Structure formats: structure tokens, C-alpha cells
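Student: Give the three-dimensional model of this entry:
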Amino acid sequence: MDLQHSHIVGFFSLPSQAMQSANPTAYNTAISELRKTGVQLGSCAHCGMGIIHHVVVKDSAGKVHGIGTSCAEKIGLSKEAIREARNDYTYDTTPEQRAEWKAAKIKREAAQAEYDRLMLAARTKRLKARRKVVAEVYAQLMLIGSNFSESLADQLWSGHSLSYRQAECVCKMLSTTGRRNKKNAAQWDAQLDLCTTK
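Tutor: Reported below is the predicted structural model:
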């Protein structure tokens with residue numbers, strides 16, 4: 001039986017033995033409802049082992065099968081999809097509850113997508129502003145042409161700050177003397193501050 005291309009269409013758990021003892025009528029009613037799913041109860045269609053929790057899948061031929069959660073992962077279904085199926089399709093939830101949960105999930109996902117969009121826009125804006133500030137230093141470092149200078153330039157261009165030691169190296173590379181003195185002190189300090197600003 002090839003279940004590799006199956007997708008989840010339901011989930012249910014067998015009612016407990018405690019229910020069978022305490023309320024046989026309710027237990028039998030629950031079992032009758034579960035039989036309507038068309039899957040074999042209590043046995044994994046993939047490995048044949050006994051199961052309580054059934055992930056209901058539909059194969060490429062359109063047939064439904066009940067498999068255990070471990071086998072569901074083995075055929076390529078994600079833990080998240082299995083968890084969502086458990087929340088959405090548990091036999092003792094009503095269609096109204098499932099619809100409410102799905103609507104809430106859609107709302108959460110839409111809110112997360114909007115948040116991600118706003119955060120991306122903010123990061124893009126910050127990066128654009130940062131590149132304006134470091135453009136001159138970036139160009140000078142790229143002109144030096146060494147692997148080290150280019151790696152520092154790339155770090156600045158990607159929006160990251162440099163460590164104090166890296167920033168000192170930048171100042172040395174861009175100065176004519178390779179050291180801080182009275183003549184270049186202002187420029188040196190400005191470059192140091194620019195490279196280390198987060």
C-alpha cells in the first residue's frame with residue numbers, strides 16, 4: 001500500500017475504556033460515529049500495529065486510511081500538520097467549534113503575515129538609510145581590494161556594525177599614516193563611530 005502521496009483529511013481518537021465502563025451507550029454511539037469515517041478502527045493501515053489515535057489520510061487513488069501518528073510522519077506528513085489535524089478533527093468537537101478554530105487560525109496567520117510584512121519594510125528602510133551613511137567607507141574599502149577589506153565592506157553594507165577592533169582596522173586602512181594623529185583625529189573618530197554604530 002503506497003501512502004507516500006497521501007494527505008490528511010481527518011483525525012480521531014478511540015473513546016477510552018473508562019467511557020465504555022462508565023457509559024456503554026455513549027461509548028457505542030462514539031464507535032458508531034467513528035465507523036462512518038470508513039477506516040479500520042484500532043489498527044494502523046501502514047504498519048498494522050494497534051493504535052488509539054488515528055490520522056485519517058486519503059491516498060492518490062482517493063481511498064481513506066487510518067494510520068498512527070508515528071507512521072504519519074514516516075510517510076512524509078509534518079508534525080505540525082498532524083497537530084493541526086488533531087486540533088481540527090477530534091471526534092468530540094462540533095463542526096461549529098472546528099469552523100471557529102479555523103477562522104481564528106486564518107486570522108492569526110493573516111496578522112502574522114502583516115506583522116512580517118511591516119517588519120520587513122522597516123528592516124529594508126533601516127538598511128537603505130544605513131547604506132547611505134556607510135556608502136563612502138564601503139566604496140573606499142572595496143577599492144583597497146583585499147579579502148579582509150572586502151569582508152568588512154560587505155559587513156557594513158549588509159547593515160551590521162563592526163567590532164571596535166574591526167573598526168580600528170578600517171580607520172588604519174583608510175588613513176594615510178595608518179595611525180591616529182592630530183591631523184586625522186576628527187576623521188578617524190568619525191569613521192570609528194560610524195563603523196561601530198548599531
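Student: tell me the domain boundaries of this protein?
Tutor: Residue ranges of the domains in the chain are recorded as 7-93, 120-196, according to automatic domain parsing.
Student: Now for the nearest residue to C44 once chain neighbours are set aside: which residues touch it?
Tutor: Beyond its immediate neighbours in the sequence, the residue positioned closest to C44 (Cβ to Cβ, 6 or more residues apart in numbering) is G68, lying 4.3 Å away. No exception for glycine: its C-beta is placed from N, CA and C like everyone else's. By Cβ atoms under 8 Å, 6 or more residues apart in numbering, the contact set of G68 is C44, H46, C47, M49, I51, H53, H54, V55.
Student: so S161 touches T197, yeah?
Tutor: Yes. Checked against Cβ atoms under 8 Å, the pair S161 and T197 is within contact range at 5.9 Å.
Student: Around V133, count how many other residues there are.
Tutor: The burial metric for V133, expressed as a neighbour count using other Cβ atoms under 10 Å, is 12.
Student: Now it: which helix or strand?
Tutor: helix 95-144 (DSSP states H and E).
Student: tell me what that helix is packed against?
Tutor: Using 3 or more Cβ pairs under 8 Å, 6 or more residues apart in numbering; DSSP states H and E, the elements in contact with helix 95-144 are helix 79-89, helix 147-157, helix 164-174, helix 185-196.
Student: Please tabulate those in a markdown table, including the columns distance to A113 and mean pLDDT.
Tutor: Formatted as a markdown table, the entries for the helices and strands packed on helix 95-144 read as follows, by distance: least, Cβ to Cβ, whole Å; pLDDT from 0 to 100:
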| stretch | distance to A113 | mean pLDDT |
| --- | --- | --- |
| helix 79-89 | 17 | 81 |
| helix 147-157 | 28 | 95 |
| helix 164-174 | 37 | 95 |
| helix 185-196 | 35 | 94 |
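Student: Take those and lay them out in TSV including distance to T37 and mean neighbour count.
Tutor: Putting the helices and strands packed on helix 95-144 into TSV (distance: least, Cβ to Cβ, whole Å; neighbours: other Cβ atoms under 10 Å) gives the following:
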stretch	distance to T37	mean neighbour count
helix 79-89	10	15
helix 147-157	57	16
helix 164-174	63	17
helix 185-196	63	15
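Student: mind putting those helices in a markdown table, distance to G38 included?
Tutor: Supplementary listing: the helices and strands packed on helix 95-144 in a markdown table, determined by distance: least, Cβ to Cβ, whole Å:
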| stretch | distance to G38 |
| --- | --- |
| helix 79-89 | 14 |
| helix 147-157 | 59 |
| helix 164-174 | 65 |
| helix 185-196 | 66 |
